[in-house]
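Participant: requesting a structural model of the entry that follows:
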Amino acid sequence: MANKIIFTPEAPAPIGPYSQAVLSGNTLYVSGQIALDSETGELINENITEETHAVMKNLEAVLRAAGFGFADVVKCTIFIKNMDEFGTINEAYEKYFKVNPPARETVEVSKLPKNLNVEISCVAVK
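Facilitator: Modelled structure (predicted):
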C-alpha cells in the first residue's frame, strides 16, 4: 500500500521537510497547523481565540483536501505556549467538535514555529 501525500494551497505550505498530511490506507495523519494565512503568509495572532480558529481552519482545509472532515478526526494533539490559555483555546476548539470529540492531549511547550501560541495536529480515519 502506497502512502499518498496530501497538499492544498488552502493551508500554509510546509516550512520544512514534511508534508501537510499523509494518507496511509484509510488513516490520515495531519501535520501540526499554525495560524498562518495561506494566501498572504501573514500570522493570525491578534489574540488566542483568533489564533485557535485560524489553526482549526487550516486543519479543516487539509482534512477537506483529503476528503475528510472534523467528524472523521479520532485524535488531536495541541501544543500551547501558555497553559493559562487552555480554557480559551478549548472554547474555540470545541466549536469544531460539537458531537463525539476526538481523543486529545494538550502539552505546554517553550516555543512554537514563528513564535506563535498554539499548534494542533490530528489523525483522522474513514
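Participant: tell me what the lengthiest helix in the chain is packed against?
Facilitator: With secondary structure taken from DSSP state H, the chain has its longest helix at helix 48-65. Using 3 or more CB pairs under 8 Å, 6 or more residues apart in numbering; DSSP states H and E, the elements in contact with helix 48-65 are strand 21-24, strand 27-33, helix 86-93, strand 118-125. All C-beta spots, glycine's among them, are computed from the backbone N, C-alpha and C.
Participant: show me which residues of the last one are buried.
Facilitator: If you call a residue buried by 16 or more other CB atoms under 10 Å, then strand 118-125 has these buried ones: 118-124.
Participant: who are the packing partners of that strand?
Facilitator: Partner elements for strand 118-125 (3+ CB pairs under 8 Å, 6+ apart): strand 27-33, helix 48-65, strand 73-80.
Participant: what's the residue nearest to residue 21 when sequence neighbours are not counted in contact with, if anything?
Facilitator: Distances taken as CB to CB, 6 or more residues apart in numbering put residue 6 closest to residue 21, at 3.9 Å, once the chain neighbours are dropped. Residue 6 makes contact with 19-23, 28, 62, 65-66 under the criterion CB atoms under 8 Å, 6 or more residues apart in numbering.
Participant: which among those gets closest to residue 72?
Facilitator: Out of the contacts of residue 6, the one with the shortest distance to residue 72 is residue 28. That distance is 7.5 Å, counting by CB to CB.
Participant: surely the closest one and residue 123 touch.
Facilitator: Yes. Shown here, residue 28 and residue 123 form a contact pair, counting by CB atoms under 8 Å, at 7.0 Å.
Participant: residues contacting the closest residue in space to residue 24 that isn't next to it in sequence?
Facilitator: The spatial neighbour of residue 24 that comes closest, neighbours along the chain excluded (CB to CB, 6+ apart), is residue 3 at 4.9 Å. For residue 3, the residues meeting the contact criterion (CB under 8 Å, 6+ apart) are 22-24.
Participant: will you turn those residues into a markdown table that also has distance to residue 15 and neighbour count?
Facilitator: Converted to a markdown table, these look like this (distance: CB to CB, whole Å; neighbours: other CB atoms under 10 Å):
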| residue | distance to residue 15 | neighbour count |
| --- | --- | --- |
| 22 | 17 | 16 |
| 23 | 21 | 21 |
| 24 | 23 | 11 |
